[in-house]
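Peer 1: Below are the sequence and a predicted model for it; my questions follow.
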Amino acid sequence: MTDRIIHNSVLATDSFHDGTPCWIWTGRTYVNRSGNHYGRINIYTRGKHKTVKVHRLVITEIKGRRLPRNMVAKHLCNNTLCCNNTLCCNPAHLIGGTQSTNMKQCVADGRHRNQHSKVA
């Protein structure tokens with residue numbers, strides 16, 4: 001699985017987190033309601049075909065961490081220089097968390113659509 005993710009990614013030249021470049025997903029994508037692009041990949045488990053989000057797959061398969069459905073995959077590489085941070089699939093840039101902590105991080109980093117929001 002790691003080989004497939006690496007094969008479908010390119011190293012960013014303008015987006016880094018803690019000194020490591022983003023791995024920008026170049027494979028299949030989808031656009032969410034907010035207009036953000038996220039990577040998707042087809043996998044086969046137990047004889048069934050599934051389409052999954054790449055950033056979630058990285059956390060479970062490469063990092064070996066459990067990510068329940070009520071948890072989200074948070075991108076730590078919220079570099080505003082690169083509009084593709086949601087396409088990053090570098091395992092070092094992804095952690096699991098709640099939607100609440102994800103939104104607080106988004107507001108604190110100045111990426112939320114409503115820039116007048118306050119972090120509680």
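Peer 2: Good, I have the coordinates. Being a predicted model, the structure only gives us computed values, none of them experimental.

Peer 1: Show me which residues of the lengthiest helix in the chain are buried.
Peer 2: As assigned by DSSP state H, the longest helix anywhere in the chain is helix 99-108. Judged by neighbour count using 16 or more other CB atoms under 10 Å, the buried positions of helix 99-108 are 102, 104-107. Any C-beta I mention is one placed from the backbone N, CA and C, and that applies to glycine too.

Peer 1: Now pLDDT and distance to P91 too, for the residues you listed, in CSV please.
Peer 2: Conversion of the buried residues of helix 99-108 to CSV gives the following (pLDDT from 0 to 100; distance: CB to CB, whole Å):
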residue, pLDDT, distance to P91
N102, 83, 17
K104, 87, 23
Q105, 79, 18
C106, 76, 21
V107, 78, 25
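
Peer 1: Nearest to H17 among the residues you listed?
Peer 2: Q105 (12.6 Å; CB to CB).

Peer 1: which ones are touching the residue nearest to the spatial centre of the chain?
Peer 2: Centre of the chain computed as the mean C-alpha position; nearest residue by CA atoms, centre = their mean is H55, 4.1 Å away. Neighbouring residues of H55 by CB atoms under 8 Å, 6 or more residues apart in numbering: 38-39, 73, 75, 86, 88-89, 94.
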